[in-house]
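Chemist: Whatever this is, show me its structure:
(chains A and B)
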There are 2 protein chains.
Amino acid sequence: MFTGYSSDLIDDFRLRWLRLQACVREAGADALAVGTNVNLLYLTGRVFMGVCYLPAEGAPWFFVRRPCGLKGPNVREIRKPEQIAEILAAAGLPLPKTLMLEADDLTHSEWARLGAAFPGASVANGSALLRSCRAVKTPYEIRVMKKTGSRHADVVMRFASVYSPGMTDQAWSIEMFRLMLQAGSLGLFRIAGGSMEGFMGTILAGDNGGAVSPYDFALGGAGLHPSLPVGQNGVLLKESMSVMVDVAGNFYGYLTDCTRTFGVGRLSPDAYRAHQTAIDIQRAVAAAGKPGSRCEDLYALALDMAEKAGFAQHFMGGAQKAKFVGHGVGLVINEQPVLGARSKDVLEAGMCIALEPKFVIPGTGAVGVEDTFLVTPNGMENLTVCDPSIQTL
Amino acid sequence: MFTGYSSDLIDDFRLRWLRLQACVREAGADALAVGTNVNLLYLTGRVFMGVCYLPAEGAPWFFVRRPCGLKGPNVREIRKPEQIAEILAAAGLPLPKTLMLEADDLTHSEWARLGAAFPGASVANGSALLRSCRAVKTPYEIRVMKKTGSRHADVVMRFASVYSPGMTDQAWSIEMFRLMLQAGSLGLFRIAGGSMEGFMGTILAGDNGGAVSPYDFALGGAGLHPSLPVGQNGVLLKESMSVMVDVAGNFYGYLTDCTRTFGVGRLSPDAYRAHQTAIDIQRAVAAAGKPGSRCEDLYALALDMAEKAGFAQHFMGGAQKAKFVGHGVGLVINEQPVLGARSKDVLEAGMCIALEPKFVIPGTGAVGVEDTFLVTPNGMENLTVCDPSIQTL
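Modeler: Numbers count the residues shown, from 1 in each chain, chains lettered A, B, ... in the order given. Okay, the predicted model is just below:
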């Protein structure tokens, strides 16, 4: 199909296309046209400027607006999206009556222009369909997620080695970001939805663990500046503060999520108890999670354990609480499904889930863990294996 | 207006609102509703989850969906955008007949939902209007750009100090990124348009300077992985290679742009001649640029000088050439105007422009400079002052 790709990667793309095509047919549509980076990456393994056109049946087409590494029989260079319909017609393909576009991802202007490039087509929203396909990883993607998780965990275990007394949260963060980049991370932190932003991760020390955040992260932190109100707030790391380090790994375009908690010296007894509760919750949810498990049940299990341990009021935030304990990860940090209160999602084999039970302990800060798990037919397998206990700095 | 803001900052926001309101009236619209991070930051000085509603006349309103630092008389908490019209009506405000929304920035789904929250309103595109207002900086913004440019240039002058022989482009990049973060940069590289992506900057060594890129950067580079095809490609830095370092500064939410060229040992004579031509072009364009100057004339001047120096075929790229020599900077790295071939833009006092004449010299790599200039009534003032010559590593 594509020139220069390995045959197992080509086979994997065929699988992704076939899955999507089944969804397109099920939605009663004739085709799906994709134009945003993350979904182009999903469909072709690379980012380019252009459009992938996936008819409900038959081979996909790739329309490239600037030169890129994508070469192959159905790859065509175009100057503008209006050429797509002409090229398809010249190839004898019928134009779609119902066309799916990424309404949740394209800007309105892009959506309107791309839709108008298919005269007479009625346009439906294909974003949810892409998200739900992306949630279930293919064999190739699972191999990439495993490699990413393993490389990620290796770096996490070295975070403490670049700490020195007297550092601010940001000073230590810079050293951890450097370790992550030196280990091969690309650094880019992709998030679905334009309103979420972040740099490489968040490092929450002391009271900043409970800071109210305008972003929908589990725990956000106040950030260094109102232009980017997330993450470390510049505080000096001091005795008896907990420091929660949540830096994503991105080694091959896929993200894994892993959080570890550090203590500057000795923390309060409650902090250790709550942290052990978080570890217990993560283990229990991972043990309960199987293909077919309902995500809201897994969240309820987590909440119930937090309550029984006496930490319900500190679970997933302070004044502001996240209403989930886990979420999908992959090409973006916030893939589907969500393990939350009113989630209708159900686990499937191949999903990659970040399980992140966390607590905010007044006077100490945030504690808890996060690891990325693969849902297998036999249960959930941790891809970011490393010591979950609080490390003393 | 807002609680906890300095009075000069409040005054500056009033100026931004008044400018925008004049544009809204000129467009024949009744109001502008803004919901994306960069424009919210422009209108309020912070990112939050919500909507700023700016009627064509009178005070703006701020609808906040998650708690944030924004407090004041017209700030209201909402759960969903559908409440906005109710609140405005309860305050005795007429609902807009014509409403401007950010069609180039909101996703189609966000655009459709926000538009529907104003029953009966016809919706027009307000993105261009916001972009053109943002292009002309206010007094407060000019102070921030000056401080940013100065801090940025200080870091650039220390890049060579973290180079060691035997490094790859990425190894050196990591040390430069660290310097930039240690100096206070927030790291986030904001770009308008979802199809452009990048980490903190690009470091282009040798042949990678001429790599064809799917992104619309002046020179892009191949990148480390097809999931992020921009910037350094992992090459070992070797004798007689040029290395072009283009890392953005973001200290207070505003970006300045500054590129410097380094030589690993001695470069080819053509590289030095082309680099001097780039310096000459930048000086000539900066000397010619005044309020009222046509951007296409400034580009033509640059192209003409490149031709006369005999480097036209290497100007702004190798196999693929950028058709511009400069661009606005500010809240995003690609603000208006564009100093390009068919630009209809005209310089105005208060614009901040990155002037980046660059050449790709076969066998050596990219050379040239980039600085951020402020357009003043008397001409263009460099905000990123530092030695423009090729530094030998």
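Chemist: count of residues packed around the nearest residue to A:A349 once chain neighbours are set aside?
Modeler: Once flanking residues are discounted, A:A349 sits nearest to A:P291: 4.7 Å by Cβ to Cβ, 6 or more residues apart in numbering or on different chains. For every residue, glycine as well, the C-beta is placed using N, CA and C. By the criterion of other Cβ atoms under 10 Å in any protein chain shown, A:P291 has 15 neighbours.
Chemist: Would you check how far apart A:P291 and A:L130 are?
Modeler: Per Cβ to Cβ, to the nearest Å, A:P291 is found 21 Å from A:L130.
Chemist: Can you report how many residues neighbour whichever residue of the stretch 101-250 of chain A sits closest to chain B?
Modeler: Closest to chain B within the stretch 101-250 of chain A is A:S227: 2.7 Å, counting by Cβ to the nearest Cβ. For A:S227, the count of nearby residues is 22 (other Cβ under 10 Å).
Chemist: Spit out the contact partners of it.
Modeler: B:41, B:45-47, B:186, B:252-253 (Cβ atoms under 8 Å, 6 or more residues apart in numbering or on different chains).
Chemist: phi, psi of it?
Modeler: phi -80, psi -10 (degrees, to the nearest 10).
Chemist: swap in the one 3 residues further on?
Modeler: Dihedral angles of A:V230 (phi, psi; degrees, to the nearest 10) stand at phi -150, psi 140.
Chemist: That one contacts A:L219, doesn't it?
Modeler: No. Contact between A:V230 and A:L219 fails when scored by Cβ atoms under 8 Å: they sit 9.9 Å apart.
Chemist: how far does the helix or strand where A:V375 lies sit from the chain's center?
Modeler: Element membership for A:V375 (DSSP states H and E) is strand A:371-376. Between the centre of strand A:371-376 and the centre of its chain there are 13 Å (Cα atoms, centre = their mean, to the nearest Å).
Chemist: which helices and strands does it pack with?
Modeler: Contact here means 3 or more Cβ pairs under 8 Å, 6 or more residues apart in numbering or on different chains; DSSP states H and E; on that basis strand A:371-376 packs against helix A:139-156, strand A:352-355, strand A:379-382.
Chemist: For it, buried residues please.
Modeler: A:371-375 (16 or more other Cβ atoms under 10 Å in any protein chain shown).
Chemist: Now it - C-alpha only, CSV.
Modeler: The C-alpha trace of strand A:371-376 is given here as CSV (Å, rounded to 0.1, in the frame of the first residue of the first chain):
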residue,chain,number,x,y,z
ASP,A,371,0.0,3.5,35.6
THR,A,372,-1.0,2.6,32.1
PHE,A,373,-2.7,-0.8,31.7
LEU,A,374,-3.6,-2.9,28.7
VAL,A,375,-6.9,-4.7,28.8
THR,A,376,-6.3,-8.3,27.8
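Chemist: Show me the contact partners of that strand.
Modeler: Here strand A:371-376 has contacts from A:137, A:142, A:145-146, A:149, A:152, A:256-258, A:282, A:286, A:289-291, A:329, A:347-355, A:380-385, A:388, using Cβ under 8 Å, 6+ apart.
Chemist: Helix A:139-156 and that strand, what's the angle between them?
Modeler: 150 degrees (axes from the mean of the first three to the mean of the last three Cα atoms, to 10 degrees).
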